[in-house]
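Trainee: Build me a model from this:
(chains A and B)
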Amino acid sequence: AQRVTQPEKLLSVFKGAPVELKCNYSYSGSPELFWYVQYSRQRLQLLLRHISRESIKGFTADLNKGETSFHLKKPFAQEEDSAMYYCALSSAGGTSYGKLTFGQGTILTVHP
Amino acid sequence: DAGVIQSPRHEVTEMGQEVTLRCKPISGHNSLFWYRQTMMRGLELLIYFNNNVPIDDSGMPEDRFSAKMPNASFSTLKIQPSEPRDSAVYFCASVLRNEQFFGPGTRLTVL
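Mentor: Numbers count the residues shown, from 1 in each chain, chains lettered A, B, ... in the order given. Presented below is the predicted three-dimensional model:
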């Protein structure tokens, strides 16, 4: 069974501080990992996916298969980064139809 | 492209009333997902379709909930009768190349 765990429901940092949102997964096959972000009262939108290996809005995430983790990092947090962040997993290929298993989400608050 | 469209954006109703939520996916996307979001439970998958066919409805909480996708450009989620515990934000999302594109959501309040 697929499972995504985000151990922190709430995370607070000050502007300019580094931030790391943790995500661990369990899946027996070859996963595809995503981070989605939801700003206040807005729709969820894709922030980044591990296969693209790019930095979006200063955020990066590396898939660590040994630790089964996909932590989201940013070296210098900004107030506009305050949002809900969801880690999600999809089985690569097969007949998943794009189904995602979401973690419980982490609310990030960046204080001025 | 306007993206995934949902209507209404807000719905306030009284307990026992029927509620119908609507979703128009992005043209060309083959899969459609319905989610419910609450503070307590986070994001819950209710049901999803592929090529208009329901694939998995195991997340639908009760028989009061039903969903249809009569064609590739329209889906509905119906709650009959509604209860206060159904109050939540309901999202639909359509999929292209494993990426889900979400609608703006419908904020449902059942009094």
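
Trainee: only C-alpha atoms for contact and neighbour calcs from this point on.
Mentor: OK.

Trainee: So B:R22 is in contact with B:T76, correct?
Mentor: Yes: using CA atoms under 8 Å, B:R22 is in contact with B:T76, at 4.6 Å.

Trainee: Of the two, which one has the most company?
Mentor: B:R22 (22 against 19; other CA atoms under 10 Å in any protein chain shown).

Trainee: what ranges of chain A fall below the confidence cut-off?
Mentor: For chain A, the stretches with pLDDT under 70 are A:92-96.

Trainee: Name the residues of it found near chain B, please.
Mentor: The interface of chain A toward chain B, taken as CA under 8 Å from any CA of the partner chain, is made up of A:42-46, A:90, A:97-99, A:102, A:104-105.

Trainee: Please check those and keep the buried ones.
Mentor: For the residues of chain A next to chain B, a burial check counting by 16 or more other CA atoms under 10 Å in any protein chain shown picks out A:43-46, A:90, A:97-99, A:102, A:104-105.

Trainee: Could you identify the most distant pair in these?
Mentor: The most widely separated members of these, counting by CA to CA, are A:Y97 and A:G105 (22.4 Å).

Trainee: and of the residues of chain A next to chain B, the nearest to B:M60?
Mentor: Comparing the residues of chain A next to chain B against B:M60 with CA to CA places A:K99 closest, at 15.4 Å.

Trainee: hang on, that closest one packs against A:S90?
Mentor: Yes: with contact defined as CA under 8 Å, A:K99 reaches A:S90; the gap is 6.2 Å.

Trainee: Touching both of these two, which residues are there?
Mentor: Taking CA atoms under 8 Å, 6 or more residues apart in numbering or on different chains as the criterion, A:K99 and A:S90 both touch B:N98.

Trainee: Would you convert the buried ones among the residues of chain A next to chain B into JSON lines that also reports secondary structure?
Mentor: Formatted as JSON lines, these follow (DSSP: H, G, I helix; E, B strand; the rest coil):
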{"residue": "A:R43", "secondary structure": "coil"}
{"residue": "A:L44", "secondary structure": "coil"}
{"residue": "A:Q45", "secondary structure": "strand"}
{"residue": "A:L46", "secondary structure": "strand"}
{"residue": "A:S90", "secondary structure": "strand"}
{"residue": "A:Y97", "secondary structure": "coil"}
{"residue": "A:G98", "secondary structure": "coil"}
{"residue": "A:K99", "secondary structure": "coil"}
{"residue": "A:F102", "secondary structure": "strand"}
{"residue": "A:Q104", "secondary structure": "coil"}
{"residue": "A:G105", "secondary structure": "coil"}
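
Trainee: Nearest to B:F49 among these?
Mentor: Nearest to B:F49 out of those is A:Y97 (CA to CA; 8.4 Å).

Trainee: give the contact list for the closest one.
Mentor: Contacts of A:Y97 by CA under 8 Å, 6+ apart are B:31, B:50, B:95, B:98.
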